[in-house]
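Visitor: got a sequence here, can you model it:
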Amino acid sequence: MEICADVLIVIDLQNGVCCSEEHLFGLEQLLSTVNERISSYRKLNKPIIFVQHCDEDFVHGEEPWAIHAGLDVQAQDLLIEKIHANSFYRTNLKEVLDQLNVNSIEFCGAQTEYCMDATIKFAHGLGYKNYMVPNATSTLNNTFMSAEETVHFYEKMWKHRYLTFIE
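Guide: Prediction:
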């Protein structure tokens with residue numbers, strides 16, 4: 001049987017993140033991977049939480065704020081809005097996870113070095129058992145590394161420290 005955590009959290013796969021001036025690295029493959037994970041959770045009737053960033057560039061209800069249309073979002077899914085890279089900061093995410101009796105979390109989403117990294121490390125610090133499938137995160141090129149190098153760097157750092165990869 002395929003490994004699934006207690007909950008799947010999809011972070012910031014919003015129009016304004018996925019498709020700004022440039023697209024996230026490997027966007028189509030990322031969306032496919034995330035939808036495969038969503039499907040696995042749906043088959044087991046496990047909860048899925050979509051986290052959306054909100055600020056002056058990502059205004060609630062506007063196009064950049066909306067979750068990418070390529071993702072399978074359904075009415076029963078939970079939505080959390082955040083204002084910081086860390087999805088737990090000034091949100092009700094911890095309370096929602098407590099209500100769902102969550103001990104383990106699978107993460108996917110964007111951007112690798114910002115919101116994904118901050119949330120994964122914070123969840124680890126709270127004592128959650130964290131999981132991810134390889135390449136279930138993406139980002140943009142930066143002045144130090146390509147997006148592909150950034151994803152590889154962070155996945156290598158997270159592995160066996162902050163999360164376990166489902167392979």
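Visitor: CA only for contacts and neighbour counts going forward, please
Guide: OK.
Visitor: tell me the contacts of E81?
Guide: For E81, the contact set (C-alpha atoms under 8 Å, 6 or more residues apart in numbering) comprises V51, Q52, H53, C54, T91.
Visitor: please identify the helix or strand for it.
Guide: Element membership of E81, judged by DSSP states H and E, is strand 78-82.
Visitor: cool, and G16?
Guide: Assigned by DSSP H and E, G16 belongs to helix 15-18.
Visitor: next structured bit after that helix?
Guide: Reading on from helix 15-18 to the C-terminus, the next helix or strand found by DSSP H and E is helix 27-43.
Visitor: surely F165 meets K159?
Guide: Yes - look at F165 against K159 with C-alpha atoms under 8 Å: they come within range, at 6.7 Å.
Visitor: distance-wise, check Q76 relative to F50.
Guide: Separation of Q76 from F50 (C-alpha to C-alpha, to the nearest Å): 11 Å.
Visitor: what's the neighbour count on Y41?
Guide: Neighbour count of Y41, defined by other C-alpha atoms under 10 Å: 19.
Visitor: do E95 as well
Guide: For E95, the count of nearby residues is 11 (other C-alpha under 10 Å).
Visitor: and the pLDDT at it?
Guide: If you check E95, the pLDDT there is 98.
Visitor: now do S20
Guide: Model confidence at S20, given as pLDDT, is 73.
Visitor: same question for the one 5 residues further on.
Guide: Reading off the confidence values, F25 has pLDDT 96.
Visitor: was I right about it contacting S138?
Guide: Yes - applying C-alpha under 8 Å as the test, F25 and S138 come out as touching, 5.9 Å apart.
Visitor: joint contacts of those two?
Guide: Listed as contacting both F25 and S138 by C-alpha under 8 Å, 6+ apart are A147, E148.
Visitor: if you count what's nearby, which of these two comes out ahead?
Guide: S138 (27 against 18).
Visitor: output the lowest mean pLDDT helix or strand found in the chain.
Guide: Every helix and strand in the chain was compared by mean pLDDT, DSSP states H and E; the lowest is helix 15-18, with a mean of 92.
Visitor: what's it in contact with?
Guide: Helix 15-18 has contacts (C-alpha under 8 Å, 6+ apart) with H23, L24, L27, F58, E63, P64, W65, A66, I67, H68, A110, Q111.
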